[in-house]
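Chemist: Here is a sequence with its predicted model. Questions after.
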Amino acid sequence: MSTPETSQFVRLRVELVLEIDDADAVTRAALGRIGDDEDMPADERAHAEGAVTEDTAEALAYLVDPFDLVSEVPGVELAQASWSSEPIDYDPDSPDWDIDEDDADEGDEEDVRG
(Lines give C-alpha, C1' and ligand atoms only; values in the text may rest on other atoms or scores of the structure.)
Protein backbone atom coordinates (compact mmCIF):
# COMPACT_ATOMS: atom_id res chain seq x y z
CA MET A 1 0.00 0.00 0.00
CA SER A 2 3.01 2.27 0.19
CA THR A 3 4.08 4.28 -2.81
CA PRO A 4 7.48 5.83 -3.55
CA GLU A 5 6.13 9.19 -2.32
CA THR A 6 5.01 7.74 1.04
CA SER A 7 7.49 7.97 3.90
CA GLN A 8 8.27 4.79 5.74
CA PHE A 9 8.80 6.77 8.94
CA VAL A 10 6.00 7.54 11.38
CA ARG A 11 6.18 9.83 14.41
CA LEU A 12 4.23 8.32 17.30
CA ARG A 13 3.52 10.79 20.08
CA VAL A 14 2.58 9.41 23.47
CA GLU A 15 1.90 11.45 26.58
CA LEU A 16 1.57 9.72 29.91
CA VAL A 17 0.73 11.14 33.32
CA LEU A 18 1.88 8.80 36.06
CA GLU A 19 1.11 8.99 39.75
CA ILE A 20 4.14 8.16 41.88
CA ASP A 21 2.96 6.22 44.95
CA ASP A 22 6.45 5.26 46.17
CA ALA A 23 9.22 7.63 45.10
CA ASP A 24 11.83 5.62 46.99
CA ALA A 25 10.94 2.47 45.03
CA VAL A 26 11.28 4.39 41.74
CA THR A 27 14.65 5.77 42.82
CA ARG A 28 15.91 2.34 43.94
CA ALA A 29 14.83 0.79 40.63
CA ALA A 30 16.58 3.53 38.65
CA LEU A 31 19.76 3.13 40.71
CA GLY A 32 19.57 -0.60 40.07
CA ARG A 33 19.27 -0.08 36.31
CA ILE A 34 22.20 2.35 36.33
CA GLY A 35 24.24 -0.10 38.40
CA ASP A 36 23.48 -2.91 35.95
CA ASP A 37 24.67 -0.88 32.94
CA GLU A 38 28.19 -2.23 32.47
CA ASP A 39 28.83 0.05 29.48
CA MET A 40 28.24 3.31 31.39
CA PRO A 41 31.48 5.19 32.15
CA ALA A 42 32.18 5.90 35.83
CA ASP A 43 31.79 9.69 35.56
CA GLU A 44 28.48 9.34 33.72
CA ARG A 45 27.33 6.76 36.30
CA ALA A 46 28.08 9.16 39.16
CA HIS A 47 26.16 11.95 37.43
CA ALA A 48 23.19 9.66 36.69
CA GLU A 49 23.07 8.34 40.25
CA GLY A 50 23.04 11.89 41.61
CA ALA A 51 20.31 12.95 39.19
CA VAL A 52 17.96 10.07 39.97
CA THR A 53 18.53 10.42 43.71
CA GLU A 54 17.58 14.11 43.64
CA ASP A 55 14.64 13.92 41.20
CA THR A 56 12.00 11.19 40.96
CA ALA A 57 11.03 12.38 37.47
CA GLU A 58 14.63 11.85 36.37
CA ALA A 59 14.59 8.39 37.96
CA LEU A 60 11.45 7.56 36.01
CA ALA A 61 13.12 8.66 32.76
CA TYR A 62 15.83 6.05 33.39
CA LEU A 63 13.20 3.34 33.80
CA VAL A 64 10.91 4.07 30.85
CA ASP A 65 12.46 3.08 27.54
CA PRO A 66 10.68 3.81 24.23
CA PHE A 67 12.38 0.78 22.69
CA ASP A 68 10.44 -1.42 25.13
CA LEU A 69 7.19 0.03 23.77
CA VAL A 70 7.83 -1.07 20.18
CA SER A 71 10.35 -3.90 20.41
CA GLU A 72 7.65 -6.57 20.07
CA VAL A 73 5.70 -4.86 17.27
CA PRO A 74 6.19 -6.86 14.06
CA GLY A 75 7.55 -5.03 11.04
CA VAL A 76 8.76 -2.01 13.04
CA GLU A 77 12.26 -0.87 13.91
CA LEU A 78 12.89 2.08 16.22
CA ALA A 79 14.85 4.65 14.21
CA GLN A 80 15.12 7.43 16.82
CA ALA A 81 13.64 8.21 20.20
CA SER A 82 13.72 10.99 22.72
CA TRP A 83 11.82 11.37 25.91
CA SER A 84 11.78 13.39 29.07
CA SER A 85 9.91 13.55 32.31
CA GLU A 86 9.03 16.38 34.64
CA PRO A 87 6.95 16.90 37.76
CA ILE A 88 3.61 18.53 36.97
CA ASP A 89 0.54 19.82 38.75
CA TYR A 90 -2.23 17.45 37.73
CA ASP A 91 -5.95 17.82 38.34
CA PRO A 92 -7.92 15.06 36.59
CA ASP A 93 -11.10 17.15 36.91
CA SER A 94 -9.61 20.15 35.13
CA PRO A 95 -10.70 20.74 31.50
CA ASP A 96 -7.02 21.41 30.74
CA TRP A 97 -6.41 17.66 31.11
CA ASP A 98 -9.19 16.46 28.78
CA ILE A 99 -7.68 13.45 27.00
CA ASP A 100 -10.07 13.70 24.05
CA GLU A 101 -9.51 17.43 23.50
CA ASP A 102 -7.49 16.99 20.29
CA ASP A 103 -9.92 14.40 18.95
CA ALA A 104 -12.87 16.71 19.54
CA ASP A 105 -11.17 19.51 17.64
CA GLU A 106 -10.50 17.20 14.67
CA GLY A 107 -14.07 15.89 14.75
CA ASP A 108 -15.44 19.43 14.74
CA GLU A 109 -13.41 20.22 11.62
CA GLU A 110 -14.78 17.15 9.87
CA ASP A 111 -18.34 18.15 10.77
CA VAL A 112 -17.81 21.62 9.30
CA ARG A 113 -16.40 20.21 6.06
CA GLY A 114 -18.80 17.29 5.83
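Modeler: That came through, no problem. Numbering: from 1, shown residues only.

Chemist: where in the protein is pLDDT low?
Modeler: 1-4, 99-114 (pLDDT under 70).

Chemist: Quick one: the helices in it, in order.
Modeler: Ranges of helices in the chain, per DSSP state H, are 23-36, 42-54, 56-63, 66-70, 101-113.

Chemist: And for the fourth one, what's in contact with it?
Modeler: Meaning helix 66-70. Outside helix 66-70, the residues that touch it by CB atoms under 8 Å, 6 or more residues apart in numbering are 12, 14, 76, 78, 81, 83. All C-beta spots, glycine's among them, are computed from the backbone N, C-alpha and C.

Chemist: Let's see that with 7 Å instead.
Modeler: With contact meaning CB atoms under 7 Å, 6 or more residues apart in numbering, helix 66-70 is reached by 76, 78, 81, 83.

Chemist: Out of these, grab the one that's most surrounded.
Modeler: In terms of neighbours by other CB atoms under 10 Å, the contacts of helix 66-70 top out with residue 78 at 14 neighbours.

Chemist: what sits against that residue?
Modeler: 66-67, 70.

Chemist: Go ahead and flag the most central residue of this structure.
Modeler: Relative to the mean C-alpha position of the chain, the nearest C-alpha, by CA atoms, centre = their mean, is the one of residue 83, at 5.1 Å.

Chemist: What spatial separation is found between that residue and residue 67?
Modeler: Distance of residue 83 to residue 67, given as CB to CB, to the nearest Å: 11 Å.

Chemist: same check, this time on residue 92
Modeler: Plainly put, residue 92 is 29 Å away from residue 67 if you go by CB to CB.

Chemist: How about residue 17?
Modeler: When residue 17 is compared with residue 67 (using CB to CB), they lie 21 Å apart.

Chemist: highest average neighbour count across the helices of the chain?
Modeler: Stretch with highest mean neighbour count among the helices of the chain: helix 56-63 (a mean of 20; mean count of other CB atoms under 10 Å).
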